[in-house]
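> need a structure here:
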Amino acid sequence: MFTPYPSRPSAAQPAIPLDRRSRAISLAALALGAALLPGISLGCACGCGVFDVGTGAMFPDGSGGRVYAEFDLMDQNRNWSGTSSAPAQNNEDIGIRTAFYTVGAQYMFNRAWGVSVDVPYWSRKFTTTDAETGNPVTFDHGALGDVRLRVNYAGFSHDMSTGVSFGVKLPSGDSTYVDFDPDTQISSGSTDLLVGAYHQGKLVEDGRWNYYVRAMWQQPVASKSVYRPGNEVLAVAGAYYHGWASDSGVRVVPIVQLTAAVRGHDGGTMGHPEDTGYTRLIASPGIELSVDRIRFYAEAGFAFHNNMSGNQLVARQLYKLSVSYSF
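Numbering: from 1, shown residues only. Below is the predicted model:
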């Protein structure tokens, strides 16, 4: 979800001058997310994290809050090894289709400090090869995912164009479903440290074309002995056009962004380090429609570079829909 301009000036602070307001971004799309995003290899080591750079990653424009709901879809149906497609028979897993439902909120107490929370629910369909019969078998499971909490700081400059965030991913989701392996579970079962940063600015002097960059580092700090997810670095660079608005206040904003994801190998006694770890590049065109305080966003991501360790299932397309309300 992405919001490239402020909803209104803060009541407690003077309004940002118009030439600065045109550069403000209040939400990134996952990238993530957050995007995204926002990884499954035989599970979640090849892509889910791309949503997290955008999800809940609101770029504040003043005091006040925003609530949102988001839907993401990822269908991992191709076996991949290194930088190319690999024979399906090299991987006992056949497909992982996941629908991500997330609700979240951010509240800025003032122009410097705020907090945010993301609460996900995942619905997963996992098709693999039965070890006894050699035939395909499919399992469906839905459950609460891992909640993310962040503290955000945007006080480096008056226009809030640069900020950082610090937070934690809690092992609140389900990591015990009997028919999923640890790296396929909805929850990683780990507590992770989250550190992020962003910057935004004008590409042209009149402020119609603007850019943003954002990065997030996710590092597990406590995990189960059977499974420790790999650490991950996500980065997003994007640009958008800010010039389409009607007299009635309806605004349309086209966006294009590039997401880079680097994930380390999983660990633990059931971690499959030889078949986890990757680098990915994803191009994502999107569009946002805003009406007063309500904003709708749609995005399609296309992976044009995958470098996967061992054999992993990948999704070539990723889809996102979201709606948000500011207050």
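> which regions of the stretch 51-200 of the chain lie under the pLDDT threshold?
Along the stretch 51-200 of the chain, segments meeting pLDDT under 70 span 51-58.
> one more time with 50
Scanning the stretch 51-200 of the chain for pLDDT under 50 picks out 53-57.
> hey, where'd the helices end up in it?
Counting by DSSP state H, counting those that start in this stretch, the stretch 51-200 of the chain has no helices at all.
> quick one, strands of it?
Using DSSP state E, counting those that start in this stretch, the strands found in the stretch 51-200 of the chain span residues 64-76, 78-82, 84-85, 93-108, 113-129, 136-144, 148-153, 162-169, 191-202.
> between the ones you listed, which one is nearest to P285?
Minimum separation from P285 across these (C-beta to C-beta) falls at strand 64-76, 15.7 Å. (Glycine included, C-beta is placed from N, CA and C.)
> relative to P229, which of the strands of the stretch 51-200 of the chain is closest?
Closest approach to P229 among the strands of the stretch 51-200 of the chain is made by strand 191-202 (7.6 Å; C-beta to C-beta).
> show the subsequent helix or strand relative to the closest one.
Sequence-wise, the next helix or strand downstream of strand 191-202 (DSSP states H and E) is strand 209-222.
> for that next one, buried residues please.
210-216, 218-220 (16 or more other C-beta atoms under 10 Å).
> what of stretch 252-264?
Of all the residues in stretch 252-264, those buried under the rule 16+ other C-beta under 10 Å are 253, 255, 257-264.
> among those residues, name the ones in strands.
Judged by DSSP state E, the buried residues of stretch 252-264 include 253, 255, 257-263 as members of strands.
> dump those residues to a markdown table, plus pLDDT and distance to N135.
Shown next, in a markdown table, are these (pLDDT from 0 to 100; distance: C-beta to C-beta, whole Å):
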| residue | pLDDT | distance to N135 |
| --- | --- | --- |
| V253 | 94 | 49 |
| I255 | 95 | 44 |
| Q257 | 95 | 41 |
| L258 | 97 | 41 |
| T259 | 96 | 37 |
| A260 | 97 | 38 |
| A261 | 96 | 33 |
| V262 | 97 | 36 |
| R263 | 97 | 31 |
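> name the nearest of those relative to T162.
T162 lies nearest to Q257 out of these, by C-beta to C-beta, at 18.2 Å.
> so that closest one sits against G238, correct?
Yes: checked against C-beta atoms under 8 Å, the pair Q257 and G238 is within contact range at 3.1 Å.
> hang on, the earlier thing: which one of the strands of the stretch 51-200 of the chain lies closest to I294?
The minimum distance between I294 and the strands of the stretch 51-200 of the chain falls on strand 64-76, with 10.4 Å, by C-beta to C-beta.
> list the buried ones in the closest one?
For strand 64-76, by 16+ other C-beta under 10 Å, it's 64-66, 68, 70, 72, 74-76.
> and if you look at stretch 120-138?
Burial within stretch 120-138, assessed by neighbour count using 16+ other C-beta under 10 Å, is assigned to 120, 122, 124, 126-128.
> before we move on, what about stretch 221-236?
Buried, per 16+ other C-beta under 10 Å, within stretch 221-236: 223-224, 227-236.
> in strands, which of those fall?
Cross-referencing those against strands under DSSP E gives 232-236.
> of all these, which comes closest to T133?
Taking C-beta to C-beta as the measure, E232 is the one of those closest to T133, at 35.4 Å.
> beta partners of the closest one?
Under DSSP bridges, the beta-bridge partners of E232 are Q218, R263.
> surely it meets A261?
Yes: contact criterion C-beta under 8 Å: E232 and A261 qualify, at 6.8 Å.
> switch the buried residues of strand 64-76 over to TSV; also include distance to V291.
Below are those laid out as TSV (distance: C-beta to C-beta, whole Å):
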residue	distance to V291
G64	18
G65	18
R66	15
Y68	15
E70	18
D72	23
M74	29
D75	31
Q76	35
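> greatest separation within the residues you listed: which pair is it?
The largest distance within these, taken as C-beta to C-beta, falls between G64 and Q76 and amounts to 38.2 Å.
> re earlier: do you know which of the strands of the stretch 51-200 of the chain lies nearest Y325?
Ranking the strands of the stretch 51-200 of the chain by distance to Y325, with C-beta to C-beta as the measure, places strand 64-76 first at 5.6 Å.
> now do the closest one: which elements does it pack against?
Judged by 3 or more C-beta pairs under 8 Å, 6 or more residues apart in numbering; DSSP states H and E, the packing partners of strand 64-76 are strand 93-108, strand 317-326.
> what average pLDDT does the last one get?
Just to be clear, that refers to strand 317-326. Averaging pLDDT along strand 317-326 yields 95.
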